[in-house]
Each structure stands twice: as C-alpha cells, then as structure tokens.
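In: Need a 3D model of the sequence below.
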Amino acid sequence: MKRALMIFGAIALLFTGVITAGLGYLGTKAYLAAEANKTAAVTAVTEISKEWSVVGRYDIVDRSLINVAETPRVEQFMRNIGRLGKLVKIKDARQVHFGMSTTDGTTAIIEFQGEFTNGTGKVIAKMRKADGKMKLYGIKVEDGKLKPKKPETTA
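Out: Down below sits the predicted model:
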C-alpha cells in the first residue's frame, strides 16, 4: 500500500510539473507576442475603418471573416459601425487573451479605446494566426458613441 501511494504521489508530481511547464510556456509566449499582436490588431482595424470593408483584404483579415463579409448580417454590422468613421487615435491597447489550440491555432484578443472621425468606442479585435501572421477574424465595437452633430447655422 505504501509503495502504491508513493507511485501515485510521483505521478501526481510529474503531472503537476508538466501542467506548470505548459502554463509557463504559454504565459511567456503570450507576453512576448503581445506587442506584435497589438500592432497587428490596430493596423488591421485602422485599414478596415477607411471604408469599413474587409472584402479582398487577405493581407490583414482571416479568410473566415472575408467569406462571411457579404452576408446581410455582416453588411448591416459594418454599416452600423461605419457611421463612426475612420479610426484616427487609439488609447489603452492591451492583449486580454492569448491562446494556442489544435482547433483554432494561435489566437489573441486585443482591446482598445478608439477615437474615430465621428465618435468613440471600445474596439475588441479578435486575431488568429494565418499564413504565418496574425490576422483579424472578428471585430466588435462596444459603447460606440457618435459625436453630436453641429447645428446648422443660417446666415
């Protein structure tokens, strides 16, 4: 019985060591990739915001997003956030998620406050590694606020 408990303890210790090493590797990888992921996300959102279209942007957008870009739901979404205009300034960019899996590959979620030509909003950019670089595969703008329109004056 004592021998069985020692073997079980050794297996548990080995398992804990493997898990700890894996988490350490993932944490280090996430930390080292954070700046590059933030840059990729900001670049992609800035480029897309020029026309609020992802069609044909294989250089910065994952194919999965391009494939659904012309569906009515996505077109409506793009029109809605397109009212904010072009992204002109970002603040407080941070990587809030980093993951590696066999199904999704390497993914990251970047959040930042965006100032657009016509308003502001919290941008959530979902990134996925494709063709050797991080590309946008999802975007969301929360708390989008349009700037008040200036009253027209008649002279």
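
In: which parts of stretch 82-102 are buried?
Out: Residues of stretch 82-102 classed as buried: 82, 84-85, 87, 90, 93, 95, 98 (neighbour count, 16 or more other Cβ atoms under 10 Å). The C-beta positions use only the backbone N, C-alpha and C, and glycine is treated the same way.

In: And for stretch 140-154?
Out: 141, 144.

In: how about the helices in this protein?
Out: Residue ranges of the helices in the chain, as given by DSSP state H, are 2-49, 63-68, 72-82.

In: The nearest residue to residue 66 once chain neighbours are set aside: how many residues sit nearby?
Out: Nearest non-adjacent residue to residue 66, counting by Cβ to Cβ, 6 or more residues apart in numbering: residue 54, 5.6 Å away. Neighbour count of residue 54, defined by other Cβ atoms under 10 Å: 24.

In: residue contacts, residue 54?
Out: Counting by Cβ atoms under 8 Å, 6 or more residues apart in numbering, residue 54 makes contact with 48, 61, 65-66, 69, 78, 136.

In: what's residue 48 in contact with, if anything?
Out: Here residue 48 is in contact with 54, 57, 60-61, 136, 139 (Cβ under 8 Å, 6+ apart).

In: For the helices of the chain, which has the smallest mean pLDDT value?
Out: Of all the helices of the chain, helix 2-49 carries the lowest average pLDDT, namely a mean of 71.
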